[in-house]
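1. sequence first, predicted coordinates after that:
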Amino acid sequence: MNFDYILLLIVFSHLRRALQSKILLPKIDKYLAIGFWFSIALMIAQLILDSHKGITAWIAHAMLFSLIYFCLTQKEFKSVKSFIYSILPFVVVNFIEDCIELINSPFHDEWNNYFDTAIFFSIVWFFAMFFITRKQRKEMEKEQLKAIEFEKEFQQSEILKEKLEKQVAERTAEILGQKEKLQKALDKLKTTQVQLIQSEKMASLGELTAGIAHEIQNPLNFVNNFSEVSSELLDEMNEEIEKGDFEEVKNIASDIKKNLEKINYHGKRADSIVKGMLQHSRIGNNVKEPTNINKLADEYLRLAYHGLRAKDKSFNADLVTDFDENLPKINVLTQEIGRVLLNLFTNAFYATQQMQKKSGETYKPMVSVKTVLKDKGIEITVKDNGIGIPEAIKEKIMQPFFTTKPTGEGTGLGLSLSYDIIVKAHGGRITVDSRENDYTAFTIFLPLE
């Protein structure tokens, strides 16, 4: 049987598979199907007619060459070109052999062995090309699969990139919104902080005013009393002048002079208290001036004490002062140091008042202030025998808004402001030593400039 029919069947089958894998035009596939069944019909006809090289063989040759030409010229069959090249030597040798046998049969018989050898090599070529192209096709398919996977990954990465960019944009917008909210909250907190600081200053001013009201009453009483006595002495002096007893007039005049000196002294004392109050309430005084720390501490100790007594008439405490007489004047912000001392004294009296409520009448409140001249500065110690500070909160008392007082009795800014005034504004330091239900001692160190 001639191999051309088998080749035709193989070629038609191969081309139809190529069409299915490439999803080509169904019309071409229809023609290939017709050709496939026509090849089967040719092969059957050749078997029935038993014609070795009849018309059917030449029809098969014509169909093969037409298919080969068609595959090599149509781009749709690019993938089967390697298969066509593998069968082409066999087709050509077989065609040449049939032509020679038809034209010159004796010559064909003489060279038949050579034709058989050529056909054998064409078959070897076919199988060699078949396996090579198969291997190449598999590698190509792998590469295509890799390319497809890479394309999928790339598309997925692009989708992921878009999602991430969208999320980043949303997150950025959210962060910007949060930033604006935080900025507004921060601005509000700053405003609130300024208000609270001012509230703390006003609270200390209230304590000071209560003390001043009591303290200023003393010199005013002296002024009023000595004024009345001096008025009476003047009446007596006029009477003695009329009597002519000038010796007594001189004695009365001497008494009036002493009264005027006392009036002048207590008037200056009242003036000093008023000036201290005005200075304490003044805002924006950042000029350091020579200050007598002993006098400042003594003044604010008594003002803080009388400020508490203005609220609680039943409260009494011992005020103990131990001032270093060799203390020089020191350049400080007098108003700010006054606030620090007033805050420490107020806290000390509050601690002793709370201790008195716990201990009863057997307890005697005591607040002391001591000044000492050191090598490089002045040390001020304010001590009380009050409720003390628990060890657990000792490190927190200088923090802003931290307070042990009940709600409404303190802002928690007093010690924080005191720390800023001493440490930041004056380059000094403030330390605390305390034992719960025993004592508390604050020590301030102010460097000499």
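-> Arrived safely, thanks for sending. Nothing here was measured: the structure is a model prediction, and the numbers come from that model. Residues are numbered from 1 along each chain as shown.
2. can you count the residues close to residue 246?
-> 11 (other C-beta atoms under 10 Å). C-beta: built from backbone N, CA, C; applies to glycine.
3. show me what contacts it?
-> Counting by C-beta atoms under 8 Å, 6 or more residues apart in numbering, residue 246 makes contact with residue 240.
4. tell me the pLDDT of it.
-> pLDDT for residue 246: 78.
5. ok, now residue 363?
-> With respect to pLDDT, residue 363 has a value of 91.
6. neighbours of it, just the number please.
-> As a measure of burial, residue 363 has 14 neighbours, counting by other C-beta under 10 Å.
7. please report how far it lies from residue 383.
-> Relative to residue 383, residue 363 is positioned 16 Å away (C-beta to C-beta, to the nearest Å).
8. element containing the residue in the chain sticking out farthest from the centre, please.
-> What lies farthest from the middle of the chain is residue 106; by C-alpha atoms, centre = their mean that is 101.6 Å. Here residue 106, judged by DSSP states H and E, is contained in helix 105-110.
9. elements contacting that helix?
-> Applying 3 or more C-beta pairs under 8 Å, 6 or more residues apart in numbering; DSSP states H and E, we find helix 105-110 packed against helix 81-103.
10. pull the distance from stretch 92-109 to the chain's centre.
-> Between the centre of stretch 92-109 and the centre of its chain there are 93 Å (C-alpha atoms, centre = their mean, to the nearest Å).
11. same check on stretch 101-120?
-> On C-alpha atoms, centre = their mean, the centre of stretch 101-120 falls 93 Å from that of its chain.
12. and stretch 352-362, by the same measure?
-> 48 Å.
13. using CSV, write down the CA coordinates of it.
-> Only the C-alpha atoms of stretch 352-362 are listed here, as CSV (Å, rounded to 0.1, in the frame of the first residue of the first chain):
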residue,chain,number,x,y,z
THR,A,352,-1.2,70.4,108.1
GLN,A,353,-4.9,71.2,108.0
GLN,A,354,-5.7,67.8,106.6
MET,A,355,-3.4,66.2,109.2
GLN,A,356,-5.3,68.1,111.9
LYS,A,357,-8.6,66.8,110.7
LYS,A,358,-7.2,63.2,110.9
SER,A,359,-5.3,63.5,114.3
GLY,A,360,-7.6,65.8,116.3
GLU,A,361,-6.7,68.3,119.0
THR,A,362,-3.5,66.6,120.1
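14. what residues sit buried inside that stretch?
-> 352-353, 355-356 (16 or more other C-beta atoms under 10 Å).
15. any idea which of those residues is closest to residue 313?
-> For these, the minimum distance to residue 313 (C-beta to C-beta) is 12.3 Å, reached by residue 353.
16. and that closest one, what does it touch?
-> Counted by C-beta under 8 Å, 6+ apart, residue 353 has contacts 308, 312, 315, 365, 386.
17. again, only this time at 10 Å
-> Counting by C-beta atoms under 10 Å, 6 or more residues apart in numbering, residue 353 touches 308, 311-312, 314-315, 317, 365, 384, 386-387.
18. so it: helix, strand or coil?
-> helix (DSSP: H, G, I helix; E, B strand; the rest coil).
19. what do you get for residue 379?
-> Three-state assignment for residue 379 (three-state DSSP): strand.
20. same check, this time on residue 427
-> With three-state DSSP as the criterion, residue 427 reads coil.
21. neighbours of it, how many?
-> Neighbour tally, residue 427, other C-beta under 10 Å: 12.
22. any idea how far it lies from residue 239?
-> With C-beta to C-beta as the criterion, residue 427 and residue 239 are 66 Å apart.
23. what is the neighbour count of the residue nearest to residue 352 when sequence neighbours are not counted?
-> Using C-beta to C-beta, 6 or more residues apart in numbering and skipping residues adjacent in sequence, the residue nearest residue 352 is residue 365, 3.5 Å away. The number of residues packed near residue 365 is 23, by other C-beta under 10 Å.
24. state the phi and psi torsions of residue 365.
-> phi -60, psi 140 (degrees, to the nearest 10).
25. next: residue 369.
-> Dihedral angles (degrees, to the nearest 10) for residue 369: phi -130, psi 140.
26. number of nearby residues for residue 260?
-> There are 14 residues near residue 260, going by other C-beta under 10 Å.
27. actually residue 378, not the one I wrote
-> 22.
28. same thing with the one 3 residues further on?
-> Around residue 381 there are 18 other residues, counting by other C-beta under 10 Å.
29. ok, it to residue 348 distance?
-> Counting by C-beta to C-beta, the gap from residue 381 to residue 348 is 11 Å.
30. could you do residue 288 as well?
-> For residue 288 relative to residue 348 (C-beta to C-beta), the value is 26 Å.
31. cool, residue 356 as well?
-> Distance from residue 356 to residue 348, by C-beta to C-beta: 13 Å.
32. need the residues touching each of these two.
-> In contact with both residue 356 and residue 348: 317, 365, 386, using C-beta under 10 Å, 6+ apart.
33. show me which of these is closest to residue 100.
-> Nearest to residue 100 out of these is residue 386 (C-beta to C-beta; 133.4 Å).
34. ok, now which ones touch the closest one?
-> Taking C-beta under 10 Å, 6+ apart, one finds 317, 347-356, 358, 363, 365-367, 434, 437-440 in contact with residue 386.
35. about what we covered before: pull the most distant pair out of the buried residues of stretch 352-362.
-> Maximum distance among these (C-beta to C-beta): 7.3 Å, for 353 and 355.
36. which residues are common contacts for the two?
-> 365, 384, 386-387.
37. could you point out where the stretch 251-400 of the chain is predicted with low confidence?
-> Counting by pLDDT under 70, the ranges of the stretch 251-400 of the chain that qualify are 272-286, 400.
38. ok, which stretches of it are strands?
-> For the stretch 251-400 of the chain, the strands defined by DSSP state E, counting those that start in this stretch cover 289-291, 318-322, 330-332, 366-373, 377-384.
39. now for the ones you listed, which one comes closest to residue 249?
-> Closest among the strands of the stretch 251-400 of the chain, using C-beta to C-beta: strand 318-322, at 43.4 Å.
40. now for the closest one, which elements pack on it?
-> helix 293-311, helix 334-359, strand 366-373 (3 or more C-beta pairs under 10 Å, 6 or more residues apart in numbering; DSSP states H and E).
41. switch to 6 Å and redo it
-> strand 366-373 (3 or more C-beta pairs under 6 Å, 6 or more residues apart in numbering; DSSP states H and E).
42. which residues sit against the strand it packs on?
-> For strand 366-373, contacts defined as C-beta atoms under 6 Å, 6 or more residues apart in numbering pick out 293-294, 297, 301, 317-318, 320-324, 326-327, 348, 379-385.
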